[in-house]
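[1] What would the 3D arrangement of this be:
(one chain, ligands or ions: 2)
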Amino acid sequence: MTGQRPCIAITPGEPAGIGPELITHLVDAFPAARLVIVADPAVLGDLGRDAPLFDPDAREQTADSLTLWPVPLAQSVQPGRLDPANAPYVLETLRTAVEGCLSGVFDAMVTGPVHKGVINESGQAFTGHTEFLAALTDAPTPVMMLVADTLRVALVTTHLPLKDVPAAITRERLTAVLRILDADLRRFYGLRPPRILVTGLNPHAGEGGHMGQEEIAVIEPTLASLRDEGLTLTGPMPADTLFTPHHLAEADAVLAMYHDQGLPVLKHAGFGRAVNVTLGLPIIRTSVDHGTALDLAGQHRADAGSLKAAVTEAIRMTQAGR
Ligand SMILES: NC(=O)c1ccc[n+]([C@@H]2O[C@H](COP(=O)([O-])OP(=O)(O)OC[C@H]3O[C@@H](n4cnc5c(N)ncnc54)[C@H](O)[C@@H]3O)[C@@H](O)[C@H]2O)c1
Ligand SMILES: N[C@H](C(=O)O)[C@H](O)COP(=O)(O)O
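    Residues are numbered from 1 along each chain as shown. Ligands and ions are numbered 1, 2, ... in the order given. Model prediction:
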């Protein structure tokens, strides 16, 4: 921790989405932290005019709980209307926050929702924050984990087409992901040892090889060798019955093989208060559980529950991870 109160960078994300208006809900909400909004003040309404600028050199002295780090937009914004010209701005806010985390100016970063499609339309290949932040920080294996109350769901693969998932589930990848998950659950959640339930890939975890071979060829031998290292793993289990209360009661986290195997369950259970945490990075990063909600942008009706939960979790992680 760089100071008495943790200093948290917040990126509002896509300027035409709900991210900027959600930032207003953070005013006076976290007096025990210093929040630095990395954005063009123009997207923040009154807050953009009123909040003081962040001064990295005077950060220990400032009493302000919320300050701004200005990054200029390319084009003015109309809520709900995507403009690829502003995609470089969105990426620059992320770079600024990452650089600040790496240099020690910030203790953690919290990201608002970006629109992956419009960033790609701008000419920049982009699959998600998870992969982008990993590239910026030279992290070989970022691990996406969403948390809602006591349910924690991590993923072996993140943003890739479903047809590419089986080939991506290799012994090497599964080993790396499970080691990171085990280590970070110890470090940030105090779980010693964390009890992890691992799904199969195929229906009924392959039904003994009659419905797919990945469990027998990849998942079972990987779990066996990691158990020999001391990890507490159960699986591969059929994903449909793994997520039942009596199995979850015996677990600290679930590792699912792909995005839409694990996240629909998590979001059904906790949408609006869940937090997306990236493990395996040299920095602390949390995020909201929702997207840009262009249908709501500019109406000030969007729920800030997940953003507040993401800030709370980032602050907690700065203290747990010391
Ligand atoms: N953390 C992130 O950056 C992140 C997370 C998820 C999705 N996305 C991106 O967001 C874009 C839109 O995705 P989508 O339409 O699938 O999901 P979405 O979460 O934007 O919207 C899904 C539904 O939930 C509602 N909703 C979302 N957030 C809400 C809130 N805070 N309060 C009230 N209602 C809310 C929306 O109005 C919509 O009806 C995509 O480009 C996607 O990749 C980004
Ligand atoms: N997979 C996330 C979700 O469904 O909530 C979302 O796309 C954000 O991912 P990044 O944090 O990688 O942008």
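[2] rest of the way, CA atoms for contacts and neighbours
    OK.
[3] Would you confirm that L35 belongs to a helix?
    No: checked against DSSP: H, G, I helix; E, B strand; the rest coil, L35 lies outside a helix; its state is strand.
[4] and the protein, which residues reach ligand 1?
    Residues of the chain lying close to ligand 1 (CA under 6 Å from any ligand atom) are 112-117, 287-293, 295-296, 302-304.
[5] The same query, at a cut-off of 8 Å, please.
    Contact residues (CA under 8 Å from any ligand atom) of the chain with ligand 1: 13, 18, 22, 111-118, 128-129, 272, 276, 287-296, 301-307.
[6] Strands - which of these land there?
    Members of the residues of the chain next to ligand 1 lying in strands (criterion: DSSP state E): 111, 276, 287.
[7] For the second one, which non-adjacent residue is spatially closest?
    Take N276 and drop its neighbours on the chain: the residue closest to it by CA to CA, 6 or more residues apart in numbering is L146, 4.3 Å away.
[8] For that neighbour, grab phi and psi.
    Here the main-chain torsion angles of L146 (degrees, to the nearest 10) amount to phi -110, psi 140.
[9] What of E99?
    phi -60, psi -40.
[10] Next: L181.
    In terms of degrees, to the nearest 10, the main-chain angles of L181 are phi -60, psi -50.
[11] Likewise for A9?
    Dihedral angles of A9 (phi, psi; degrees, to the nearest 10) stand at phi -80, psi 140.
[12] that older thread, for the residue nearest to N276, list the residues it contacts.
    L146 makes contact with 152-154, 263, 266, 274-277, 289 under the criterion CA atoms under 8 Å, 6 or more residues apart in numbering.
[13] which of the residues in stretch 124-140 are buried?
    By neighbour count with 16 or more other CA atoms under 10 Å, stretch 124-140 contains the buried residues 126-134, 137, 139.
[14] just checking, next helix/strand downstream of the lowest-mean-pLDDT helix or strand in the chain?
    Ranked by mean pLDDT, DSSP states H and E, the helix or strand of the chain with the weakest confidence is helix 46-50, at a mean of 93. Going down the chain from helix 46-50, the next helix or strand is strand 66-70, by DSSP states H and E.
[15] That next one - what's its average pLDDT?
    Average pLDDT, strand 66-70: 96.
[16] and what of stretch 87-98?
    Stretch 87-98 shows a mean pLDDT of 98 in the predicted model.
[17] So that it lines up with my notes, have the first residue be 23 from now on.
    In the new count, where the first residue is 23, that last one comes out as stretch 109-120.
[18] quick one: it to chain centroid distance?
    In this view, stretch 109-120 has its centroid 16 Å away from the chain centroid, taken as CA atoms, centre = their mean, to the nearest Å.
[19] Mind listing residues that contact that stretch?
    Contacts of stretch 109-120 from elsewhere in the structure, counted by CA under 8 Å, 6+ apart, are 31-33, 35-37, 60-61, 93-96, 128, 131, 136, 140-141, 144, 155, 158-159, 305.
[20] Please repeat the previous calculation with a cut-off of 6 Å.
    Applying CA atoms under 6 Å, 6 or more residues apart in numbering, the set of residues contacting stretch 109-120 from outside is 31, 60, 95, 141.
[21] That stretch: which residues count as buried?
    Of the residues in stretch 109-120, those buried under the neighbour-count criterion (16+ other CA under 10 Å) are 109-120.
[22] want to try CSV for the residues you listed, with secondary structure and distance to P243 as columns?
    Listed next are the buried residues of stretch 109-120 as CSV, based on DSSP: H, G, I helix; E, B strand; the rest coil; distance: CA to CA, whole Å:
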residue, secondary structure, distance to P243
A109, helix, 43
P110, helix, 44
Y111, helix, 45
V112, helix, 42
L113, helix, 40
E114, helix, 42
T115, helix, 42
L116, helix, 38
R117, helix, 39
T118, helix, 42
A119, helix, 40
V120, helix, 37
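[23] and G122, how many neighbours?
    Burial measure for G122: 19 neighbouring residues, criterion other CA atoms under 10 Å.
[24] what comes up buried for the least confident helix or strand of the chain?
    Neighbour-count burial for helix 68-72, counted by 16+ other CA under 10 Å, picks out 69-70.
[25] what does stretch 249-256 give?
    Within stretch 249-256, the residues scored as buried using 16+ other CA under 10 Å are 253-256.
[26] Tabulate those (TSV), appending distance to ligand 2, secondary structure and pLDDT.
    Formatted as TSV, the buried residues of stretch 249-256 follow (distance: CA to the nearest ligand atom, whole Å; DSSP: H, G, I helix; E, B strand; the rest coil; pLDDT from 0 to 100):
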residue	distance to ligand 2	secondary structure	pLDDT
L253	26	coil	98
T254	26	strand	98
L255	24	strand	98
T256	24	strand	98
